[in-house]
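Q: the following block contains a protein sequence and its predicted model.
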There are 2 protein chains.
Amino acid sequence: MNIKGKHYRTIWPHPDDERVIQIIDQRHLPHRFVIEDLKTLEDFEAAIRDMHVRGAPLIGSAAAYGMYVAALQFSASQNFDEKMREAAARLKATRPTAVNLAYAVDMVMKVIDQPVANGHEQELALVVAHHITEESVAHCRSIGEHGLKIIEEIHQRKLQQSPPIVNPKSSIVNILTHCNAGWLACIDHGTATAPIYAAHDRGIPVHVWVDETRPRNQGASLTAFELAEHGVPHTVIADNTGGHLMQHGMVDMVIVGTDRTTRTGEVANKIGTYLKALAAADNGVPFYVGVPSSSIDWSLRPDQGRELPDIPIEERDAGEVHFISGLDEKSGEVREVRLTPKDSPAANYAFDVTPARLVTGLITERGVCAASEEGLVGLFAEQKDK
Amino acid sequence: MNIKGKHYRTIWPHPDDERVIQIIDQRHLPHRFVIEDLKTLEDFEAAIRDMHVRGAPLIGSAAAYGMYVAALQFSASQNFDEKMREAAARLKATRPTAVNLAYAVDMVMKVIDQPVANGHEQELALVVAHHITEESVAHCRSIGEHGLKIIEEIHQRKLQQSPPIVNPKSSIVNILTHCNAGWLACIDHGTATAPIYAAHDRGIPVHVWVDETRPRNQGASLTAFELAEHGVPHTVIADNTGGHLMQHGMVDMVIVGTDRTTRTGEVANKIGTYLKALAAADNGVPFYVGVPSSSIDWSLRPDQGRELPDIPIEERDAGEVHFISGLDEKSGEVREVRLTPKDSPAANYAFDVTPARLVTGLITERGVCAASEEGLVGLFAEQKDK
């Protein structure tokens, strides 16, 4: 999508040197636009772990490019295979929740591990990374098309209920989203935002309630930034606000992304998603999840008798709760300030899991389905017997 | 309660000059401890509106002392009565949601409006302000005693389920609270925190999950501060976290305060309270509200067929979402930084209303009751026919 009128993706090979991968270093948004060169496995580990890049699909692409850079780095090494297995383990350890990370790393390993790959590991790793990236863009585009139909239906219903001649604002579709499952979390389009961009570009009036998404504020800093750059009307709100808005008919639908969705439709996503799903259910607001199939963990379902699957929930540094960064408008510098008393501990659980019963539908690249094994396998028949 | 070992209230007459009222200017907590002198009606308007003081019970006391200071200020005025009616209207206009504000202002007006008050308006206004303040302290103390029993029961149940010889931490009562309904929101003890302090002081092991409470961070800056000063174990969390904790059995009860509770048990409180009530209900976690009777609006109930009463919800300045203040540890100064992109609007609804069906019980100064007209009138029989 566009930034200041120029089209960008979130990750791309350096135009003058394919051995260098470039990313938007998202830690500086929305206040500064910084492009970073990644040249080593260590660069990629830091970029994923410290969230220069974030968002499940982008983490997947970044991990694949990380494997490619590792293959370059270790090409002269005596024990190349062992080094690559180490690289795979190191990349996988950077973030524990997103399934795309392991998926991408494993795909690169599988391809370069074949006897036929011998001597072509670097090119093959790059091909796989490109493939994962292009596939991700295509999936996001498809999610946008499928989700667009839902937005269009809501718009038509609102038009019928209150013609614009009575109230020009009455047919605007108000969509709440949490965290950033936008194009900045992907390569382009986004997952949760893809239907929003598609609707906006077709002239359907949409307005987005952007949860700021503490503690890392991905909504306030990233989703707001990308919607503003694309010209989509939106309003930033504290995470506490969505329930009140839904109680008062100010939200027509919720769309969020996911870091990992199980075979049976449970949705791991940014901490606080579950609270919005509860409020949506309590107020009859449809709750959708943009789910590229790369985010589906087909091996996972809740143990018998339990509602929630066993997904490891990342506990991040408490410093993300104690401190916050923002722009000091007086000096023009980005500064970190302390929010909490010195003697108060903090905890920082990064994700929660929304039970399938609270999810209206999953918007995948193959269409919209119920949040259930039946629904998902209906679209992905190849997973039926796995 | 204590700060650095010295006992404070949140508002008191200046020890050397009763015409001056002193407050803790809470805007500077937790980073600086600042006492402010309030000498004029204008000082009080600013202190309430700009949240130097906040919390329904404290706003009530402050408004009463504001009326007293106004009575001093206008004592020589030809049209004293008119000036006082203006003062009442101006103070009432500073914050629209808390019922204590109007209650306190009206009580002062009623007392000084009587013919017998003629010539004694100033002393009488001061007596009323003192009375409201002392009554508030007594009510908070009683709420603490009634709520203590609930915490004690949970502790005993946990002790029986898992003796401390097996797991010394297993009998700790984990309590989640939202915003600051602590002693800083009152005069002393607090409403939601009163049972917590009472339990802690009796040696019942408690641990408090402190919602940071965006956008103004009253949890991270005030509740955490007062719990730390009193030595109560606690952990600050992003507002998004409570649902996840409840899903995993890490919360034994929720206690919040209220800005206004209706005759039928609907609870207006800091925005986001409703989301925690939903999560509590979904996970079988008891959800209690500390309610001094001064926060009950006996005139209010939802219109027939509606679940929510018609309570005006304050919309505060969007700047509170765009900007945040914190301590710059490098310079030691408190700075404000921008969180959002320049082109993104923000909205700032300050309260929400939790339906009575989600509330396990109301802890009042007269005991614990169901969140219903029957429950409340059972404790406050004098309100039966009103």
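A: Perfect, thanks for sending it.

Q: give the contact list for the closest residue to residue A:282 other than its chain neighbours.
A: The shortest distance from residue A:282 to any non-neighbouring residue, by Cβ to Cβ, 6 or more residues apart in numbering or on different chains, is to residue B:278 (5.8 Å). In this view, the C-beta of every residue, glycine as well, is placed from N, C-alpha and C. Going by Cβ atoms under 8 Å, 6 or more residues apart in numbering or on different chains, residue B:278 touches A:243, A:275, A:278-279, A:282, B:358.

Q: same question for residue A:90.
A: Shown in contact with residue A:90 (Cβ under 8 Å, 6+ apart): A:41, A:45.

Q: does it lie in a helix or a strand, and which?
A: helix A:80-92 (DSSP states H and E).

Q: next SSE after that helix?
A: For helix A:80-92, the succeeding helix or strand toward the C-terminus, using DSSP H and E, is helix A:99-113.

Q: quick check, distance from that following helix to the centre of its chain.
A: Mean-position distance between helix A:99-113 and its chain equals 19 Å (Cα atoms, centre = their mean, to the nearest Å).

Q: next, the angle from it to helix A:80-92.
A: Computed by axes from the mean of the first three to the mean of the last three Cα atoms, to 10 degrees, the angle separating helix A:99-113 from helix A:80-92 equals 170 degrees.

Q: mind listing what's buried in stretch A:353-366?
A: A:353-356, A:358-366 (16 or more other Cβ atoms under 10 Å in any protein chain shown).

Q: OK, now which residue of the stretch 1-150 of chain A is nearest to chain B?
A: Closest to chain B within the stretch 1-150 of chain A is residue A:30: 3.9 Å, counting by Cβ to the nearest Cβ.

Q: quick one: contacts for that residue?
A: Counting by Cβ under 8 Å, 6+ apart, residue A:30 touches A:221-222, A:224-225, A:228, B:340-341, B:344.

Q: tabulate the contacts of residue B:278 (JSON lines), appending pLDDT and secondary structure.
A: Below are the contacts of residue B:278 laid out as JSON lines (pLDDT from 0 to 100; DSSP: H, G, I helix; E, B strand; the rest coil):
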{"residue": "A:243", "pLDDT": "98", "secondary structure": "helix"}
{"residue": "A:275", "pLDDT": "98", "secondary structure": "helix"}
{"residue": "A:278", "pLDDT": "98", "secondary structure": "helix"}
{"residue": "A:279", "pLDDT": "98", "secondary structure": "helix"}
{"residue": "A:282", "pLDDT": "98", "secondary structure": "helix"}
{"residue": "B:358", "pLDDT": "98", "secondary structure": "helix"}
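
Q: quick one: which of those residues is nearest residue A:41?
A: Closest approach to residue A:41 among the contacts of residue B:278 (Cβ to Cβ): residue A:275, at 37.5 Å.

Q: which element is residue A:207 on?
A: strand A:206-211.

Q: who does that strand pair up with?
A: Applying DSSP bridges, strand A:206-211 is found paired with strand A:173-177 (parallel), strand A:234-237 (parallel).

Q: can you redo those strands as a markdown table with mean pLDDT and distance to residue B:313?
A: As requested, the strands paired with strand A:206-211 are arranged in a markdown table below (pLDDT from 0 to 100; distance: least, Cβ to Cβ, whole Å):
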| stretch | mean pLDDT | distance to residue B:313 |
| --- | --- | --- |
| strand A:173-177 | 98 | 17 |
| strand A:234-237 | 98 | 13 |
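
Q: between these, which gets nearest to residue B:16?
A: strand A:234-237 (46.1 Å).

Q: need the contact partners of that closest one.
A: With contacts defined as Cβ under 8 Å, 6+ apart, strand A:234-237 is touched by A:207-212, A:219-220, A:223-224, A:227-228, A:245, B:321-322, B:340, B:344-349.

Q: out of those, which are inside helices?
A: A:224, A:227-228, A:245, B:321-322 (DSSP state H).

Q: between which two of those residues is the distance greatest?
A: A:228 and A:245 (20.0 Å).

Q: what is the burial count for residue A:60?
A: The number of residues packed around residue A:60, counting by other Cβ atoms under 10 Å in any protein chain shown, is 29.

Q: tell me which of the strands paired with strand A:206-211 sits nearest to residue A:60.
A: Among those, the nearest to residue A:60 by Cβ to Cβ is strand A:173-177 (20.6 Å).

Q: just after the closest one, pick out the following helix or strand.
A: Next helix or strand after strand A:173-177 toward the C-terminus (DSSP H and E): helix A:193-201.

Q: could you say what helices and strands that following helix packs with?
A: Using 3 or more Cβ pairs under 8 Å, 6 or more residues apart in numbering or on different chains; DSSP states H and E as the contact criterion, the elements in contact with helix A:193-201 are helix A:121-161, strand A:173-177, strand A:206-211, helix A:224-230, strand A:253-256, strand A:287-290.

Q: using a markdown table, lay out those together with mean neighbour count and distance to residue B:91.
A: Listed next are those as a markdown table, based on neighbours: other Cβ atoms under 10 Å in any protein chain shown; distance: least, Cβ to Cβ, whole Å:
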| stretch | mean neighbour count | distance to residue B:91 |
| --- | --- | --- |
| helix A:121-161 | 19 | 42 |
| strand A:173-177 | 25 | 36 |
| strand A:206-211 | 25 | 34 |
| helix A:224-230 | 24 | 36 |
| strand A:253-256 | 25 | 40 |
| strand A:287-290 | 26 | 43 |
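
Q: circling back: I'd like the contacts of residue B:278 as TSV, with distance to residue B:194 appended.
A: Below are the contacts of residue B:278 laid out as TSV (distance: Cβ to Cβ, whole Å):
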residue	distance to residue B:194
A:243	26
A:275	26
A:278	28
A:279	29
A:282	29
B:358	22
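
Q: ok, residue A:367 - contacts?
A: The contact partners of residue A:367, taken as Cβ under 8 Å, 6+ apart, are A:146, A:379.

Q: low-confidence regions, the stretch 251-386 of chain A specifically.
A: Residue ranges of the stretch 251-386 of chain A with pLDDT under 70: none are present.

Q: which bits of it sit near chain B?
A: A:270-272, A:274-276, A:278-279, A:282, A:308, A:313, A:321-329, A:334-341, A:343-349, A:351-353 (Cβ under 8 Å from any Cβ of the partner chain).

Q: please list only the buried members of those.
A: Buried among these (16+ other Cβ under 10 Å): A:270-272, A:274-276, A:278-279, A:282, A:308, A:321-328, A:335-341, A:344, A:346-349, A:351-353.

Q: okay, now residue A:305: neighbour count?
A: 5.

Q: find the nearest non-adjacent residue to residue A:100, please.
A: residue A:60 (3.2 Å).

Q: can you tell me which residues contact residue A:86?
A: Neighbouring residues of residue A:86 by Cβ under 8 Å, 6+ apart: there are none.

Q: ok, and the closest non-adjacent residue to residue A:313?
A: Residue A:313 sits nearest to residue A:351 (Cβ to Cβ, 6+ apart), 5.1 Å away.

Q: circling back: sort out for me which of the residues of the stretch 251-386 of chain A next to chain B are in strands.
A: Among those, the ones falling in strands (DSSP state E) are A:270, A:323-328, A:334-338, A:351-353.

Q: just the residues you listed now: which is nearest residue A:13?
A: Distance to residue A:13 across those (Cβ to Cβ) is lowest for residue A:334, with 28.3 Å.

Q: wait, isn't the closest one in contact with residue A:328?
A: Yes. Between residue A:334 and residue A:328 there is a contact under Cβ atoms under 8 Å: 7.3 Å.
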